[in-house]
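K.L.:
The following block contains a protein sequence and its predicted model.
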Amino acid sequence: MADTQQVVITEKIRIGISACSMGCPVRYDGKGSDILKNLGRERTDFIWCPVCPESMAGLGVPRDPIHLSGGDGSSVWRAEARIKNRAGKDVTEDVLAGAVSCLEALHRAGVTAFVYRDGSPSCGVYRTTMKNLKRGNPPGVFGALLLEQGFFLIPADDLQSPLKWWDWRRRLLAFHWLKTVSLQQ
């Protein structure tokens, strides 16, 4: 007879988040937006780990915006594309180092899920440009690492909709449960 004991997740799940989405003024223009405020009390149900690959790259704030040149973030990791700022300066090596630093921080924190900022050439997963600009192709440099590492990815904009957040939270809990509970026959 199989053991049908109920499983209850008691620890707080650690979620990585693009620092600019947590209100940190680290964007190229010195701005940030606190998308977590929409979660209300639910915000404290998780431990949030903000990171910014561009800040960790030492690019500073404010800074010239960057874009992918010649391919997507995965191509940058294979040295088939580059990252340039508005002035045309190549900042590829700096941004790669910043992305690796952020990934290491997430691993140290035990993070397996990440709230990414689409539109970012660093953290974007499905879009790496803002508004109607057509520079670069998704995923971004850090987004490519997150995909490769198998992180559970949540778009930051979806935390602004209660219905979308409810759906993401449900899937996140299932993802966490499957990663932490041993399934025996």
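P.N.:
Structure received.

K.L.:
Quick check: closest non-adjacent residue to P155.
P.N.:
Counting by CB to CB, 6 or more residues apart in numbering, P155 lies nearest to D118, which is 5.6 Å off, once chain neighbours are set aside. C-beta: built from backbone N, CA, C; applies to glycine.

K.L.:
Thought Y126 was touching the one you found, still the case?
P.N.:
Yes: at 5.7 Å, D118 and Y126 qualify as touching, with contact defined as CB atoms under 8 Å.

K.L.:
These two: which has the busier surroundings?
P.N.:
Set D118 next to Y126 and count neighbours by other CB atoms under 10 Å: D118 wins out with 21 against 13.

K.L.:
rewinding a little: name the residues contacting each of D118 and Y126.
P.N.:
Listed as contacting both D118 and Y126 by CB atoms under 8 Å, 6 or more residues apart in numbering are P155.

K.L.:
Enumerate the beta-bridge partners assigned to Y116.
P.N.:
P155 (DSSP bridges).

K.L.:
pretty sure it is touching L153, no?
P.N.:
Yes: between Y116 and L153 there is a contact under CB under 8 Å: 5.8 Å.

K.L.:
Point out where this structure drops to low pLDDT.
P.N.:
Low-confidence segments of the chain (pLDDT under 70): 1-9, 127-137, 183-185.

K.L.:
show me what contacts the residue most central in space within the chain?
P.N.:
When CA atoms, centre = their mean is applied to the chain, the residue found nearest the centroid is Y116 (3.2 Å). Contacts for Y116 were tallied using CB under 8 Å, 6+ apart; they are S18, C123, G124, V125, G143, L146, L153, I154, P155, A156.

K.L.:
shouldn't the fourth one be in contact with L145?
P.N.:
Pointing back at V125 there. No: with contact taken as CB under 8 Å, V125 and L145 are classed as non-touching, separated by 10.6 Å.

K.L.:
Just give me the neighbour total for A144.
P.N.:
Using other CB under 10 Å, A144 is surrounded by 22 other residues.

K.L.:
How about it: what's its closest non-neighbour residue?
P.N.:
G73 (3.6 Å).

K.L.:
which residues sit in contact with the one you found?
P.N.:
Neighbouring residues of G73 by CB under 8 Å, 6+ apart: P121, G124, T128, P138, P139, G140, V141, F142, G143, A144, L145.

K.L.:
Please, where are all the helices along this structure?
P.N.:
Under the criterion DSSP state H, helices of the chain are mapped to 53-56, 73-77, 92-109, 141-149, 162-180.

K.L.:
picking that back up, for the contacts of Y116, which single residue is the most surrounded?
P.N.:
For the contacts of Y116, neighbours were counted by other CB under 10 Å; the highest total belongs to C123, with 33 neighbours.

K.L.:
and that residue, what is it in contact with?
P.N.:
C123 touches S18, P53, Y116, R117, G140, F142, G143, counting by CB under 8 Å, 6+ apart.
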